[in-house]
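Trainee: Need a 3D model of the following:
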Amino acid sequence: MSELPPNLSTPYAGPMPGRVQRLTRMNRWLTGATLLLLGAAGLAGSWGWRAREEARAALASSLGAHGLRLAVEAQGMLAGLRHGGDERALLELLAAYRIHAAPEVEGALLAPVLATQRLLKLIPAGERVATLAFSPDGQRIVSGADDGTLRLWDAASGRPSGMPLAGHEGVVTSAAFSPDGSRIVSGSDDATLRLWDAATGKPLGAPLRGHRAGVRGVAFSPDGRRIVSAAWDKTLRLWDAVTGTPVGAPLAGHRNWVESVAFSPDGRRMVSGSYDGTLRLWDAATGQPVGAPFAGHENWVTCVAFSPDGRRIVSASHDGTLRLWDVATGQAIGAPLTGHGNWVERVAFSPDGRRLVSGGSDGTLRLWDAGSGEAVGVALGGHQGGVSGVAFSPDGLRIASAGRDGTLRLWDAAAEAAVGAPLARQEGWVESVAFSPDGRTIVSGSNDTTLRLWDASTGRAIGAPLAGHGNWVESVAFSPDGRTIVSGSWDGTLRLWDAGTGRALGAPLAGHGNWVEGVAFSPDGRRIVSAGDDKTLRLWDAASGAALGAPLVGHREGVRSVAFSPDGRRIVSGSRDGTLRLWDAASGALLGAPLAGHRGGVRGVAFSPDGRTIVSGSRDGTLRLWDGVSGRVLGAPLAGHESVVESVAFSPDGRHIVSGSRDGTLRLWDSATGQALGEPLAGHEHWVASVAFSPDGRRIVSGGADRTLRLWPAPGAWADELCARLTRNMSRSEWRAWVAPGIPYAIQCPGLPVAADAPAAGRAGR
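Mentor: Numbering: from 1, shown residues only. Predicted coordinates for the structure are as follows:
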């Protein structure tokens, strides 16, 4: 054995009192030091853990406070009660949601989703925008601003294309693309016109000079060879579109400023609108007036446009009206079109000539039926200032507007594009709805005794109605594989259907002694449970349709609704006796006592996706939450509806609940807190009988006694809906100024660029 140091390793070989005492003292010292170090380390670890927890709590508290503040600020901006504008409001609201997704903040997303339901893009232009126009292919927009520049924008993304087109020394009041899209002409308060290369943005030649006052309107002839301009010197001028030289003398005839001008579609006529309150027709070849002025407005004419067929003209006026005119006779067609709350600034025909869009100093756009003169839908609001430009896209599907609030906005031109507009209409009341597992198809059941299949994207009916029941179809459900549909009817039967062909599968499933009110497939698709007004539940083999065992008895009145737990082991039922009951899905045995708490019959029940919670809706107008295992009631009733709650459903992630009521509305709820999210979803003209989430949790379908199905954005899509209207994220300097310097930056809209600090800093200070 090798020799070890004597003070540490040499074995004890005899009495060595001094050494023993020294070793004993050393061991005691080492033990004490070790304990002290361990204690200190433990104490330090405890202090560190406590410090980290306190820091986390402080950050959470700070995020919560700033999130709520941002949500309140954003709501004030959207309501016009605070400065900042819609873009900043949406960015702040989304920032609040990203840092603190509390129910109050999440619910605040819904109002702007609904308020901007027709808005496709909100484009910050930086300056007050005085005019805009679509390119002939609809891919770009040109705008002119108060700072004397023009900008090109991508019409799909809303992002700027290239640098500003600079050259004018005054407000750019008007702009137009050439018919081939290669050039742009602009008119300015500096009394000049300018031509630009639409691809490069470079000016083409020198300014076109000839007017003695500001140019207010410009237009290319349909063949692209001429330009006409209107100016505050009371004249129009024609120009060679290639050389930029004037063609002939000024066209004189108006007694006041000329504000707007347009070529007829065939290029043979021009129309002008003036502050003298009249319109004038001109021969485009000779420059001579055609006929007498069109008189009828009581104030300035601000805008004129030909219909696509050239037979009519529309005019907008500071008298708050639009007027339609017969080109051949010069006579007004019908009464003035009224609806704007103030001056009408701009107007345009749709490409098919069937509709008009107008923009007013009241900040709204309005759509009109060009044949009847009737308003179409509701006003499109959002601009915080007058609307200075409107245009239909060449395909007629979009509308662009320019505002004195420094924004461009793109809108869905379809009147039926509103959130909650009818997706489809059925012959009778829609009693029940369900999504297919892939989310592509919706099935509905109606009191006209049929089921219908609908394309969830287009809203179109798929095939003929599914006929076979002898009374109302009260409930429907898809099998988990999406291949089969089960329906329950007031004729006392269930029926199975092939979801692909709509063909009935076998004979009706008979056994209930009265109406069948609710149906559901088990999660494995092998069984079906039904709820009957005969106070019973029944289980069925989904393949053969055979009844499984005896009826499940326990309720004192008719059973209105039924659902399997996600694991398939339990069933919950809701009854007109005001209670819910839990059942063992294998044996049919009751589990515990009735779940009592509602003051009226239970109309709808649903399990959460994890099976830990049940939600119920009742005739007492409330929802209640229950422990999915014990049946214990969770918290207070969820109140907000003004009538019977007919239907309830959990979102696929379990975070949200939707309810449909006889008050005609749907409501969204936070499932953890029971707090209502935002305002009710209104649109049905009668009670809402059934609601369901799509499998991806982004949509809700509702069916009602107004014979319609309607689609709504679900909470899982609200943030994305708002992001789709924006073109950017906050810059980091805006984040520091608007959110807080000490809160880490969070992307508000994934996929959108983060704005650069330099230009954004200027906006942050406004």
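Trainee: And stretch 314-329, what's buried?
Mentor: By 16 or more other C-beta atoms under 10 Å, the buried positions in stretch 314-329 come out as 314-325, 327. Any C-beta I mention is one placed from the backbone N, CA and C, and that applies to glycine too.
Trainee: can you give me how far that stretch is from the chain middle?
Mentor: With C-alpha atoms, centre = their mean, to the nearest Å as the basis, stretch 314-329 stands 35 Å off its chain's centre.
Trainee: same question for that stretch, mean pLDDT?
Mentor: Model confidence over stretch 314-329 averages 97 on the pLDDT scale.
Trainee: That stretch: end-to-end distance?
Mentor: The straight-line separation of the ends of stretch 314-329 (C-alpha to C-alpha, to the nearest Å) is 14 Å.
Trainee: and if you look at stretch 340-352?
Mentor: 24 Å.
Trainee: which outside residues touch it?
Mentor: 299, 302-308, 314-322, 355-362, 364, 366, 370, 386-392, 394-396, 413 (C-beta atoms under 8 Å, 6 or more residues apart in numbering).
Trainee: likewise stretch 281-299?
Mentor: For stretch 281-299, the external contacting residues (C-beta under 8 Å, 6+ apart) are 221, 226, 228, 236, 238, 248-249, 251, 253, 263-264, 267-272, 276-280, 313, 315, 317-319, 321, 323, 325, 327, 330, 332, 336, 343.
Trainee: at 6 Å what do you get?
Mentor: Around stretch 281-299, the neighbours that count as contacts under C-beta atoms under 6 Å, 6 or more residues apart in numbering are 248, 251, 253, 267-271, 277-280, 317-319, 323, 325, 330, 332.
Trainee: that older thread, max pairwise distance over the buried residues of stretch 314-329: which two?
Mentor: Across the buried residues of stretch 314-329, the two members that end up farthest from each other (C-beta to C-beta) are 320 and 327, 23.9 Å apart.
Trainee: Point out where the stretch 401-550 of the chain drops to low pLDDT.
Mentor: Scanning the stretch 401-550 of the chain with the threshold set as pLDDT under 70 gives 415-420, 424.
Trainee: List the buried residues of stretch 586-605.
Mentor: Under the neighbour-count criterion of 16+ other C-beta under 10 Å, stretch 586-605 has 588, 591, 594-595, 597-598, 601-605 buried.
Trainee: With stretch 694-706 instead?
Mentor: Of all the residues in stretch 694-706, those buried under the rule 16+ other C-beta under 10 Å are 694-695, 697-706.
Trainee: Please flag which of these sit within strands.
Mentor: With DSSP state E as the criterion, strands contain 699-704 from among the buried residues of stretch 694-706.
Trainee: Including distance to residue 81 and pLDDT, could those go into CSV?
Mentor: As requested, those are arranged in CSV below (distance: C-beta to C-beta, whole Å; pLDDT from 0 to 100):
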residue, distance to residue 81, pLDDT
699, 32, 96
700, 30, 97
701, 35, 97
702, 32, 97
703, 37, 96
704, 34, 95
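Trainee: Tell me the one of these nearest residue 124?
Mentor: After measuring these against residue 124 - C-beta to C-beta - the closest member comes out as residue 699, at 29.4 Å.
Trainee: Enumerate every residue touching the closest one.
Mentor: Residue 699 makes contact with 711, 714 under the criterion C-beta under 6 Å, 6+ apart.
Trainee: distance of it from residue 440?
Mentor: Between residue 699 and residue 440 the distance, using C-beta to C-beta, to the nearest Å, works out to 12 Å.
Trainee: Could you do residue 185 as well?
Mentor: With the distance defined as C-beta to C-beta, residue 185 ends up 48 Å from residue 440.
Trainee: Between the two, point out the one with more neighbours.
Mentor: Using other C-beta atoms under 10 Å as the criterion, residue 185 and residue 440 rank with residue 185 on top: 27 against 15.
Trainee: tell me which element the more buried one falls in.
Mentor: Residue 185 is located in strand 183-188, with elements delineated by DSSP states H and E.
Trainee: what does that strand contact?
Mentor: Contacts made with strand 183-188 from outside it, assessed by C-beta under 6 Å, 6+ apart, are listed as 142, 144, 150, 168, 170, 172-177, 193-196, 198, 215, 218, 227, 229.
Trainee: Buried only: go through these for me.
Mentor: Listed as buried from the contacts of strand 183-188 are 142, 144, 150, 168, 170, 172-177, 193-196, 198, 215, 218, 227, 229; burial here means 16+ other C-beta under 10 Å.
Trainee: now stretch 317-336, how far from the centre of its chain.
Mentor: The offset between the C-alpha centroid of stretch 317-336 and the centroid of the whole chain comes to 36 Å, using C-alpha atoms, centre = their mean.
Trainee: Show the end-to-end separation of that stretch, please.
Mentor: Counting by C-alpha to C-alpha, the terminal residues of stretch 317-336 are separated by 10 Å.
Trainee: got the contact list for it?
Mentor: Outside stretch 317-336, the residues that touch it by C-beta under 6 Å, 6+ apart are 291, 294, 296-301, 311-316, 337-338, 340, 343-344, 347, 358, 373.
Trainee: Same check on stretch 400-416?
Mentor: For stretch 400-416, the surrounding residues in contact (C-beta under 6 Å, 6+ apart) are 118-125, 127-129, 132, 141, 143, 359, 365, 376-377, 380, 383-391, 397-399.
Trainee: which residues of the stretch 51-200 of the chain fall in strands?
Mentor: Secondary structure of the stretch 51-200 of the chain, counting by DSSP state E, counting those that start in this stretch: strands at 119-124, 129-134, 140-145, 149-154, 165-166, 172-177, 183-188, 192-197.
Trainee: and the next element down the chain from the last one?
Mentor: Read it as strand 192-197. strand 208-209.
Trainee: which secondary structure elements does the next helix or strand after that following strand contact?
Mentor: Along the chain past strand 208-209, the next helix or strand (assigned with DSSP H and E) turns out to be strand 215-220. The criterion is 3 or more C-beta pairs under 6 Å, 6 or more residues apart in numbering; DSSP states H and E, and the helices and strands that strand 215-220 contacts are strand 172-177, strand 183-188, strand 226-231, strand 258-263.
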